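Asks: Any chance you can model this:
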Amino acid sequence: MALTQITFFERFVASILAQTKTITLRNNREADFIVGQIIPVSTYETNRQFATIRIDRITPVMFHQLSDHHAKQENMNLAELTQIISEIYPNTQQLYEISFSLIKHSKE
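Replies: As a prediction, the model looks like this:
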C-alpha cells in the first residue's frame, strides 16, 4: 500500500516552499509512493502540515552514487550527507531519490 503523506525536518520548510528543494532521499520503507500521487507534507518535529506535493519520479540510487547534487538538496556537503545517511539508515546501500513538485502552500 502506498504511503499517503511525507514529513521533512523543519529546516527544509523554506526551501521546499521556495521550490529549491525538489528531491529527498529515503530508504525502501519510506519510498512507497506512486508517481503522480499528490500528498500532504508536514514537519517531522511537530507534524504541522505546510504544503502539498506531487511525486514526479522515484529513482533507485546506491549509497556510493550519492553526489554533490544530492548534498546540495539537503543543504550540506557530500561528506556531511554520507555521514548523516549512514546514521539515519545504517547498513543501507540502496536508497531512493524521490523527485517532487510543490502543488500548493498550506494555509496557516
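
Asks: Show me how far the lengthiest helix in the chain is from its chain's centre.
Replies: Secondary structure of the chain per DSSP state H: the longest helix is helix 78-88. Relative to its chain's centre, helix 78-88 lies at 14 Å (C-alpha atoms, centre = their mean, to the nearest Å).

Asks: Also stretch 32-52?
Replies: Centre to centre, stretch against its chain (C-alpha atoms, centre = their mean), the figure for stretch 32-52 is 10 Å.

Asks: for it, which positions count as buried?
Replies: 33, 37, 39, 41, 42, 43, 50, 51 (16 or more other C-beta atoms under 10 Å). All C-beta atoms are positioned from the backbone trio N, CA, C, and that covers glycine.

Asks: do the same with stretch 75-93
Replies: By 16+ other C-beta under 10 Å, the buried positions in stretch 75-93 come out as 81, 82, 85, 89.

Asks: pLDDT on stretch 96-108, on average?
Replies: What stretch 96-108 shows for mean pLDDT is 88.

Asks: Residue 103 contacts residue 54, doesn't it?
Replies: Yes: between residue 103 and residue 54 a contact is recorded at 5.5 Å, counting by C-beta atoms under 8 Å.

Asks: which neighbours do those two share?
Replies: Common neighbours of residue 103 and residue 54, counting by C-beta atoms under 8 Å, 6 or more residues apart in numbering, are residue 38.

Asks: No more questions from me, cheers.
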